[in-house]
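**Q** this one's sequence-less:
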């Protein structure tokens, strides 16, 4: 009997430990080595840095249009988990010639920025606010015409920050999740092939203890309606198994007008740009043109 009890206790402890390990692993991604500077696209840029409200120095690139107006519109680009500011250098270099000052930066614990852990959308809102503060401090930028583009973690964070601040004039979110709890369930059952119970509940508990917040606060679906009347473009990949396209459809249903939904046939997470080809930059560029240009 004692042996059976010991085994049961051991299994319980193992499950709890594994849940905490999952949270730790997903909040400490390796630093992505890719470093494609805007100069690779013959774009004029400068390396910049700015500090978040909780003291982290973030690094970025400010890509400039060939012929900037005295007060140009600006766009902030937010990368996904485990990536860095290089991930959308091509998009930034495509948008700048349309007359935008484009700021692409590394989230905390990514690229060249400070920090050792990512909170999957909670503290990253401070990063976006710091980027917004930097961009609007530039004298050549019109602070009333700032757009934001985000992919995956960046897309979810863009929605959360836009809803809270009300300071963006246009929002594009590609492959954003609806809620962090739902995304945890998707990762645990789909990627790690573990049962939802008890791992989802234990992982949520581990996250909340680690970051001292409630996971319900990281739920773009519950706040996206507050973005209105700011226009929002939701992009999803139909073949995305990590953040299925239903996330995008739910976000679209929860959003208020003006809103657009673009579902792209893809083979996996992160494949929207490659699958859409030149149409991707054209679609995103025209969306920002419609709402950021006077």
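**A** Arrived safely, thanks for sending. Worth saying up front: this structure is predicted, and the values here are computed from it rather than measured.
**Q** Please make it C-alpha for all contacts and neighbour counts, starting now.
**A** OK.
**Q** Flag the shaky bits of the chain, pLDDT-wise.
**A** 1-2, 5-6, 8, 294 (pLDDT under 70).
**Q** can you give me the strands in it?
**A** 44-51, 57-64, 72-78, 101-105, 141-151, 170-174, 232-237, 259-264 (DSSP state E).
**Q** Those: which one's closest to residue 112?
**A** strand 57-64 (5.9 Å; Cα to Cα).
**Q** Pairing partners for that closest one, with directions?
**A** If you go by DSSP bridges, strand 57-64 pairs up with strand 44-51 (antiparallel), strand 101-105 (antiparallel).
**Q** Now render the strands of the chain as TSV, adding distance to residue 195 and mean neighbour count.
**A** Supplementary listing: the strands of the chain in TSV, determined by distance: least, Cα to Cα, whole Å; neighbours: other Cα atoms under 10 Å:
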stretch	distance to residue 195	mean neighbour count
strand 44-51	40	16
strand 57-64	37	23
strand 72-78	32	28
strand 101-105	36	29
strand 141-151	28	23
strand 170-174	28	26
strand 232-237	25	26
strand 259-264	29	17
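**Q** Tell me which of those strands lies nearest to residue 192.
**A** That would be, of the strands of the chain and by Cα to Cα, strand 232-237, which comes in at 20.9 Å.
**Q** For that closest one, give me every contacting residue.
**A** Strand 232-237 has contacts (Cα atoms under 8 Å, 6 or more residues apart in numbering) with 170-176, 244-245, 247-248, 251-252, 255, 258-269, 271-272, 287.
**Q** What pairs with it, parallel or antiparallel?
**A** strand 170-174 (parallel), strand 259-264 (parallel).
**Q** Dump these into a markdown table; add distance to residue 127 as well.
**A** Shown next, in a markdown table, are these (distance: least, Cα to Cα, whole Å):
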| stretch | distance to residue 127 |
| --- | --- |
| strand 170-174 | 16 |
| strand 259-264 | 25 |
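**Q** Same list (the strands paired with strand 57-64) but as a markdown table, adding distance to residue 293.
**A** Below are the strands paired with strand 57-64 laid out as a markdown table (distance: least, Cα to Cα, whole Å):
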| stretch | distance to residue 293 |
| --- | --- |
| strand 44-51 | 21 |
| strand 101-105 | 12 |
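**Q** Between the strands paired with strand 232-237, which one is closest to residue 156.
**A** strand 170-174 (6.9 Å).
**Q** how much space is there between residue 190 and residue 244?
**A** 11 Å (Cα to Cα, to the nearest Å).
**Q** more neighbours, those two?
**A** The residue with more neighbours, out of residue 190 and residue 244, is residue 244; 20 against 14, by other Cα atoms under 10 Å.
**Q** The more buried one reaches residue 238, doesn't it?
**A** Yes - between residue 244 and residue 238 there is a contact at 6.9 Å, judged by Cα atoms under 8 Å.
**Q** Neighbours of residue 269, how many?
**A** 18.
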